[in-house]
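**Student:** need a structure here:
(2 chains)
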Number of protein chains: 2
Amino acid sequence: MKLKSKILHIEAGNFVVVINEEDAKEMGICLIDRVEIYSDNCKNKLNAIPNFTKIYLNKGEIGIYEEVRQRLNIQEGDMADVSLSSRPVSLEYIRKKIDGINLGDEEIKAIVRDIVNGNLSSVELAGFVIATYVHEMTSGETISLINAMVETGQSIDFGENVVDKHSIGGIAGNRTTMLLVPLIASANLKIPKTSSRAITSASGTADTMEVLAKVEFDAEKIKEIVEKTNGCMVWGGAINLAPADDKIIKVEYPLSIDPDSQMLASVMAKKKSVNAKYLLVDIPVGRGAKISNTEKGKKLASEFINIGTKLGINTRCLITDGYSPVGNGIGPALEARDVLIALDYENFKNKNENFKIPYDLINKSLDMAANIFEMAYNKKGEYRKTAGEILKTKALKKMREIIEAQEGNPEIKAEDIEIGEKFCDIKAEYKGKVKFISNWKISQIARAAGAPYDKKAGLYLKISAGDFVRSNESLFTLYSSSAHKLQHAIELAERLNPVEIGGAIIEKIE
Amino acid sequence: MKLKSKILHIEAGNFVVVINEEDAKEMGICLIDRVEIYSDNCKNKLNAIPNFTKIYLNKGEIGIYEEVRQRLNIQEGDMADVSLSSRPVSLEYIRKKIDGINLGDEEIKAIVRDIVNGNLSSVELAGFVIATYVHEMTSGETISLINAMVETGQSIDFGENVVDKHSIGGIAGNRTTMLLVPLIASANLKIPKTSSRAITSASGTADTMEVLAKVEFDAEKIKEIVEKTNGCMVWGGAINLAPADDKIIKVEYPLSIDPDSQMLASVMAKKKSVNAKYLLVDIPVGRGAKISNTEKGKKLASEFINIGTKLGINTRCLITDGYSPVGNGIGPALEARDVLIALDYENFKNKNENFKIPYDLINKSLDMAANIFEMAYNKKGEYRKTAGEILKTKALKKMREIIEAQEGNPEIKAEDIEIGEKFCDIKAEYKGKVKFISNWKISQIARAAGAPYDKKAGLYLKISAGDFVRSNESLFTLYSSSAHKLQHAIELAERLNPVEIGGAIIEKIE
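**Tutor:** So this is what the prediction gives:
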């Protein structure tokens, strides 16, 4: 059927067209079908997902979303030849997985190809993700998924002996990557680190690094940076490693599900795409962390190691204390300042309380570095000490090299980093020992203050779990660029009460 | 944040708006969130699902889909005040069901309310449907779902002793409703029948009835028709019985899943909405039917009866032979002609072969009528005979009354019904006994000829399963209004080979 194009200029996230219901009926096109579109003008052909309209289009018209317009190079008023085409065969495999039947390598590859090529609607993709949540994938299926993700994305070959790390996340602060990369790179190991931006937290590593340097580069430029400095800290979203993953995450997020197998595949595909040989995984466990107890943490660890072995990636996992935030600053600028203080901590001893040394961040990072050295050198040794030496002597210099390679100001000092000029202290209501600091609540409050969009916003913790505080003593300072948002954050802090003092009560059951 | 409206004039199926990614980031709005929109001009407020764009909108603009435009009465260029609002609480319940936890009455009601109010995105709705497929709902959950569907839709009170019937479907032809309604209505029982249109089949009851009369009426007019004639045959889609169901079906269809519990809820909610007291369910089983064997049919039957009992609907199920099409004509006009012939079959004895009496349709309908009488009169009796008498003496007259009440031509005769002027006979390749006629293949071929959109298109079966055919004898005649579509149907018929002759081979295993 010949239909007249009407350009929508809206992104659909897939190849989508809109067809008048009458035309669809006449062509016998249903919700499940795909249409083939051919345009005389550009001699291109494309399969697309049809949406239906009663009012937007007249009979004889077709609405063209942005992705289709670009691919077909079609223009307003162009005639398009539209016909029923076959539905993607991967829909059958998705249906199979919904029914609890394990999928073969070729079946999973077909699904991933259809995801990447925009051939699946969001409902169909949701079907796949929920199916793999309810019927957990086998490790064979996960390997297939990883290989398919790697094949359908970009790879960057950084050569031999590439080191990588990953954290399961959920801990406020916790910018270990920004200490580890200069530490490891100083030891002549390659650590090309791609990180994410915050989705629900106050800042991702990419957001924090962006306070100091650029983080969006193409693959070629990233390779150049790593060749020059042995390390990088860039935003993974700017390059096309495992693009299927981005589409999967968009479906997982609204349903608040994150199947272990999908998470494993997502992490490992990206590591495989950069040819990582050694991988250290940080699995924080505890009340308020993503993984609630050590047992679950160990199960996840064994899955990481199992998959790592099959992919030829030497993988080690650390179960870490996920009970409280790591570092003092929460929010991009405050965290970046913590990192610079940590890299130069000898100089910050005995400065004022706004420049408190984040010993917990330093210790965690040194422990992690020691583990990476042990893996990479494949023998036991005094690597904690080595790491400590590197931190004292080389890491800051290496950090400045990387900042410069990433087009930031290598001379930047902790004191130079601008923090929101509106601020307010949140104080202890009564005296006692700090029992618990909620990662989730802390993140929500920092977000209310404007983080991560307002880089200067967030909060600065004055206390740690275990500290004894007096009534009216400052627990943390809120910072924001906006008085309005500061007020909002203050109210949220008062409502959520993120720092628990004294009480032994964990939960009230009614 | 104040944003300037840009009207899209496209239906989204829900309350959806488009926001520039930068604005979304600044407001801290994620995929999972909802936004509250307030427009000064109209003093209206609405919660909507945000979509995000990089290119379609400038910062400071908001794209308004049709449903939001109508509800807010907002116009191009109007300023809208947009803020983050809370996500629907029903998302938590959906998540719970995905995790296999049974839901309470209030939780299911919250989900259904959010479905009907357009508060759930298609991914979220898919989450609910897949969850109820993987973790089958308990009968308590199904009852809650039915009650919620009834409450959120329109009800029509047809008074006491309302009779209804339902068929699981999947059988080509099978227009028992169009014989049953006049039969039952002639016996002074009320049978207000709402039917569907074809989705994947060649014709639905509503499509076939539409050949003889109008089928789209509002609730008031339907009540009037039933008060006048005791019966009706109308399209359920024109009234708002259980509107949640339509949205659920749109998600089930692309994934080819139809959880038993959802199907039960869908059927029973509509029966409850018309205050049905007696319900007869036709469950065709057999190779090629939706239900593959009697055991599965019986399980479904016991679920229907269980739910019926709990809802106060006296329910009886018939396991019927689903092996082959019922009736000779397949396609709206051809089926309508079968119905008129059946209602006047004494007159059609010894007419030409184009007016073959559909005895299988007549017998099935009389058996069903007898079962309805037995339920409604609550005693055993010679009701098969009663039904046969009514068919001979009163049913055609009643059918004409109903056609007239539904604004059709009550004088219409079988011979008057126009059938596609392009036709072609499909003949037997070799002689032998007809083993099997595939419902699915027959429907596909009739659709290829243009049914149900082309009312005159379809096919007319010359033979039944069990008949002995000679080589080159006509098996069925294809009809279409379009020579092109006729050709398409001929090719499909040759490829699919819907009538199996002779061979005892059911399946080849390699």
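**Student:** What lies in contact with stretch A:380-397?
**Tutor:** Applying Cβ atoms under 8 Å, 6 or more residues apart in numbering or on different chains, the contact partners of stretch A:380-397 are A:179, A:182-183, A:186-187, A:342-346, A:362, A:366-367, A:369-371, A:373-374, A:377. (Each C-beta comes from the backbone N, C-alpha and C, glycine too.)
**Student:** Against A:Lys456, how distant is the nearest residue to A:Glu415 once chain neighbours are set aside?
**Tutor:** Leaving aside its sequence neighbours, A:Glu415 sits nearest to A:Phe355 (Cβ to Cβ, 6 or more residues apart in numbering or on different chains; 7.7 Å). Distance of A:Phe355 to A:Lys456, given as Cβ to Cβ, to the nearest Å: 16 Å.
**Student:** The two: which is more packed in?
**Tutor:** With other Cβ atoms under 10 Å in any protein chain shown as the criterion, A:Phe355 and A:Lys456 differ in neighbour count, and A:Lys456 comes out ahead with 22 against 18.
**Student:** Does anything pack onto the helix or strand hosting A:Asp425? Which helices or strands?
**Tutor:** Using DSSP states H and E, A:Asp425 falls within strand A:422-427. Applying 3 or more Cβ pairs under 8 Å, 6 or more residues apart in numbering or on different chains; DSSP states H and E, one finds that strand A:422-427 contacts strand A:474-480, helix A:483-496.
**Student:** Just list what the first one packs against, helices and strands only.
**Tutor:** For strand A:474-480, the contact count by 3+ Cβ pairs under 8 Å, 6+ apart identifies strand A:422-427, strand A:458-461, helix A:483-496 as packing neighbours.
**Student:** need those in JSON lines with mean neighbour count, mean pLDDT and distance to B:Glu407, can you?
**Tutor:** Shown next, in JSON lines, are the helices and strands packed on strand A:474-480 (neighbours: other Cβ atoms under 10 Å in any protein chain shown; pLDDT from 0 to 100; distance: least, Cβ to Cβ, whole Å):
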{"stretch": "strand A:422-427", "mean neighbour count": "17", "mean pLDDT": "97", "distance to B:Glu407": "70"}
{"stretch": "strand A:458-461", "mean neighbour count": "29", "mean pLDDT": "97", "distance to B:Glu407": "69"}
{"stretch": "helix A:483-496", "mean neighbour count": "17", "mean pLDDT": "92", "distance to B:Glu407": "61"}
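**Student:** quick one: low-confidence ranges for the stretch 1-150 of chain A?
**Tutor:** A:31-32, A:42 (pLDDT under 70).
**Student:** got the domain boundaries for chain A?
**Tutor:** Listed by automatic domain parsing, the domain ranges of chain A are A:2-85, A:90-135, A:162-237+A:267-405, A:419-501.
**Student:** what does the average pLDDT come to for the longest one?
**Tutor:** Averaged across domain A:162-237+A:267-405, the pLDDT comes to 94.
**Student:** now A:Met263: how far from A:Val499?
**Tutor:** Taking Cβ to Cβ as the measure, A:Met263 falls 30 Å from A:Val499.
**Student:** Between these two, point out the one with more neighbours.
**Tutor:** Neighbours were tallied for A:Met263 and for A:Val499 using other Cβ under 10 Å; the higher tally belongs to A:Val499 (25 against 20).
**Student:** quick one, what contacts that one?
**Tutor:** So A:Val499 contacts A:428, A:434, A:436-438, A:463, A:475-476 (Cβ under 8 Å, 6+ apart).
**Student:** contacting residues around the strand holding A:Asp425?
**Tutor:** Strand A:422-427 is contacted from outside by A:459, A:472-483, A:486, A:490, A:493-494, using Cβ under 8 Å, 6+ apart.
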